[in-house]
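Visitor: model the structure of this input:
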Amino acid sequence: LLLRLPFNLAMPHFISQALAQTLRAAHSGDVSSALPGLKVSVGSFFLCALANASLDFFNWTFFVLAQQRIIRRLRGDLMEALLRHEVGFFDSTSTGDLLSRL
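Guide: Residues are numbered from 1 along each chain as shown. As a prediction, the model looks like this:
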């Protein structure tokens, strides 16, 4: 999550650089001199966007894996608790109630 932050914060900076260079070139009338700087700004933006997207994918994947592990552990603990009950508990509780808890 923290690795993604610099890339996420850098993207607006590169957009503003590209816009400033384009406006400066349009105002001065010399578009060809702004082209190399514009290419660098746009390329940097796309690299940051690519890094941000790939890190976001791993961030999302790790959160989903952690969530699934927690759910599996909770369901296992609940199943163990259910199996520790006496037989009379299962006679008085319907199967649907027991399954809805899992």
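Visitor: which residue lies farthest from the center of this protein?
Guide: What lies farthest from the middle of the chain is Gly88; by Cα atoms, centre = their mean that is 47.5 Å.
Visitor: can you show me the helices along the protein?
Guide: 5-28, 31-83, 87-92, 95-101 (DSSP state H).
Visitor: in a markdown table: these, plus mean pLDDT.
Guide: Shown next, in a markdown table, are the helices of the chain (pLDDT from 0 to 100):
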| stretch | mean pLDDT |
| --- | --- |
| helix 5-28 | 87 |
| helix 31-83 | 90 |
| helix 87-92 | 86 |
| helix 95-101 | 81 |
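Visitor: which non-adjacent residue is nearest Val31?
Guide: Nearest residue to Val31 in three dimensions, chain neighbours excluded: Ala25, at 4.8 Å (Cβ to Cβ, 6 or more residues apart in numbering). C-betas here are computed from N, CA, C, even on glycine.
Visitor: can you get me a residue count around that neighbour?
Guide: 17 (other Cβ atoms under 10 Å).
Visitor: residues in contact with it?
Guide: 31, 33-35, 38 (Cβ atoms under 8 Å, 6 or more residues apart in numbering).
Visitor: separation between Asn52 and Phe7?
Guide: 4 Å (Cβ to Cβ, to the nearest Å).
Visitor: now swap in Phe90 and tell me
Guide: Using Cβ to Cβ, one obtains 55 Å as the distance from Phe90 to Phe7.
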